[in-house]
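Peer 1: Fold the following and give me the result.
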Amino acid sequence: MTGRKENLRDFRSHENAGVVKFGNNYKCQVKGYGKVTNGQFIVNRVAYVEGLQHNLISVSQLIVGTGNQVVFNDEGSITSKFETNEVLLKSKRYGDMFTLDIKPIVGKPSVCVLSKASNDVCWLWYSRLSHLNYQNLNKLVIEDLVRGLPVLKFDNDTLCAACEIGKQHRKGHPIVIDSKIVEPLLKSEVAQTMIEFTKKIEMSMKKNVRRIKSYNGSKFKNNVMDSFLMGKGISHNFSSPYTP
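Peer 2: Numbers count the residues shown, from 1 in each chain. Okay, the predicted model is just below:
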């Protein structure tokens, strides 16, 4: 229990949460419960007692339902995971008093000082919050907007396959530009005019001409025009021949 409400995160007030009785028979009302964390180690269900001058904690609160174990020695205490023996917290002993050496996060923490969440925890909350991106997920942590959300830095280098597919865009069809020359041309002007027109289209549109179509007449069939089109890789299509 604590008398400092600012140290509690995810605080929930209760009207009839109980009464704490001290050695001098003085009683204080429990105002609610929250959790204390330093970003890596979390103590759940910490009672807020208004007016309490010292923080108190029981060993059972660190062990029961947490999967942790606490070992005491002459130097202090070691809190670790029961299954993996991963050390979570080391605390020193002062005289006959065993303390819990934890610096709780107060207010809005900076993301850079938070411990990084494991990949399993990242994917768990990423899925729970409908594939919310990690930048906004960290904002929820800083602003303390979601109850139960661990105070950790969420980051994952692995892309979500479903989101990656959903954000793909279908490739568009190639643009076909249809331009025409409708002015009457003399036979001697056809080749040069067609060459200049082709170059003008490529310059203005910044695209290569792939094919042209012309009237199936003799003035559009000459060596100069055929040589230019062959060098540019442009196909020359003719209209159907006139049939009386």
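Peer 1: Moving along the chain from the helix or strand where Met194 lies, name the first helix or strand you hit.
Peer 2: Using DSSP states H and E, the element containing Met194 is helix 190-205. Toward the C-terminus, helix 190-205 is succeeded by strand 211-214 as the next helix or strand (DSSP H and E).
Peer 1: ok, back up a step: just the buried residues of the helix holding Met194, please?
Peer 2: Val190, Ala191, Met194, Ile195, Thr198, Ile201 (16 or more other Cβ atoms under 10 Å). Quick note: C-beta positions are derived from backbone N, CA and C, even for glycine.
Peer 1: Could you list every helix and strand in contact with it?
Peer 2: Helices and strands touching helix 190-205, by 3 or more Cβ pairs under 8 Å, 6 or more residues apart in numbering; DSSP states H and E, are strand 211-214, helix 223-232.
Peer 1: tell me the most buried of the ones you listed?
Peer 2: strand 211-214 (a mean of 15; mean count of other Cβ atoms under 10 Å).
Peer 1: Check which strands are paired with it and give the direction for each one.
Peer 2: Within its sheet, strand 211-214 is paired with strand 235-238 (parallel), according to DSSP bridges.
Peer 1: then the partner strand to CSV, C-alphas only?
Peer 2: C-alpha atoms of strand 235-238 as CSV (Å, rounded to 0.1, in the frame of the first residue of the first chain):
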residue,chain,number,x,y,z
SER,A,235,5.5,-0.8,-85.5
HIS,A,236,3.7,0.7,-88.4
ASN,A,237,0.1,-0.4,-88.9
PHE,A,238,-2.0,0.4,-92.0
